[in-house]
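J.: Give me a model of this one.
(one chain, ligands or ions: 1)
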Amino acid sequence: MKFFLDTAIVDEIRQVHEWGILSGVTTNPSLVAKSGRVFEEVLQEILSIVDCPVSAEVLSRDALGMIEEGERLASLSPNVTIKVPMTAEGLKAVHHFSKKGIQTNVTLIFSANQALLAARAGATFVSPFVGRLDDISHDGTQLIHQVSEIFRIHGIETEIIAASIRHPVHVTDAALAGADIATLPYKVLEQLVRHPLTDQGIEKFEADWKQAKHS
Ligand code: E4P
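T.: A predicted model of the protein is given here:
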């Protein structure tokens, strides 16, 4: 499973990029609002840092509007992936982008059938939202299992991005359930790095080293 970063905060992207584990970035309108910056400026800056897929979401509700917005965003770089909501109009737009060789990420997926439809329309990525399903007492990880199994049975190449990830257990579960990618908030990625026994171990080795004989 690969790691994407789910943020519009450029400093977070810069830091994680240096770790050498970053395979993509996802943004959404809420994350852009949280960054307090102008979307196009943030997007250009992200594209100057990373050389991998960067999802930028369209806001139109109709296919023509999505296509217009998406083509403008896609003209910035081949790394721009157009994030389209899972609606009938969204499927039309995805089909259009797919014929033009523009990458897409179908977002707000909450059922296996939605994922299958998005894949058949030509989506590059589908994003089932694990955390938001858990929030309403549905098993988000089970959805990843289902989509992964359906794509395997039918030889579908669309990649599954486990989205709406809230904590490290979601990450392990998504990997075991067959997600190709998990898109994580910076906080969760940081939590993955750390372990209290690792910190304790470093302290202990450092303390013992001070007692050891040195040449
Ligand atoms: C994914 O692409 C979305 O931006 C994101 O994972 C949504 O997460 P949330 O449910 O925590 O807002």
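
J.: residue contacts, the residue positioned nearest the centre of the chain?
T.: By CA atoms, centre = their mean, the mean C-alpha position of the chain lies nearest to Thr183, the distance being 3.1 Å. Contacts for Thr183 (CB atoms under 8 Å, 6 or more residues apart in numbering) come out as 3-6, 24, 26, 127, 161-163, 165. The C-beta positions use only the backbone N, C-alpha and C, and glycine is treated the same way.

J.: bridging residues for it?
T.: Beta bridges link Thr183 to Phe4 when assigned by DSSP bridges.

J.: Helix or strand: which one has Gly90?
T.: helix 88-99 (DSSP states H and E).

J.: how far is that helix from where the chain is centred?
T.: How far helix 88-99 lies from its chain's middle: 20 Å, per CA atoms, centre = their mean, to the nearest Å.

J.: How about stretch 128-142?
T.: 16 Å.

J.: Let me see the mean pLDDT of it.
T.: Mean pLDDT, stretch 128-142: 98.

J.: need the helices for the chain, in chain order.
T.: For the chain, the helices defined by DSSP state H occupy 10-19, 29-35, 39-49, 63-74, 88-99, 112-121, 130-135, 140-153, 168-176, 186-193, 196-211.

J.: For the ligand, find the nearest of the ones you listed.
T.: Comparing those against the ligand with CB to the nearest ligand atom, the closest turns out to be helix 130-135 (4.7 Å).

J.: in that closest one, what counts as buried?
T.: Buried residues in helix 130-135, counted by 16 or more other CB atoms under 10 Å: 130, 133-134.

J.: got it, and stretch 44-54?
T.: Neighbour counts over stretch 44-54 (16+ other CB under 10 Å) mark 46-47, 49-50, 53-54 as buried.

J.: Run the chain-centre distance for the lowest-mean-pLDDT helix or strand in the chain.
T.: Least confident helix or strand of the chain, by mean pLDDT, DSSP states H and E, is helix 29-35 with a mean of 93. Remark: helix 29-35 is offset 15 Å from the chain centroid, using CA atoms, centre = their mean.

J.: can you list the residues that contact that helix?
T.: So helix 29-35 is contacted by 6-10, 39, 42, 57, 59 (CB under 8 Å, 6+ apart).

J.: could I get the residues you listed as a markdown table with neighbour count and distance to the ligand?
T.: Shown next, in a markdown table, are those (neighbours: other CB atoms under 10 Å; distance: CB to the nearest ligand atom, whole Å):
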| residue | neighbour count | distance to the ligand |
| --- | --- | --- |
| Asp6 | 24 | 5 |
| Thr7 | 26 | 9 |
| Ala8 | 26 | 9 |
| Ile9 | 20 | 13 |
| Val10 | 17 | 16 |
| Phe39 | 17 | 14 |
| Val42 | 21 | 14 |
| Glu57 | 24 | 8 |
| Leu59 | 10 | 14 |
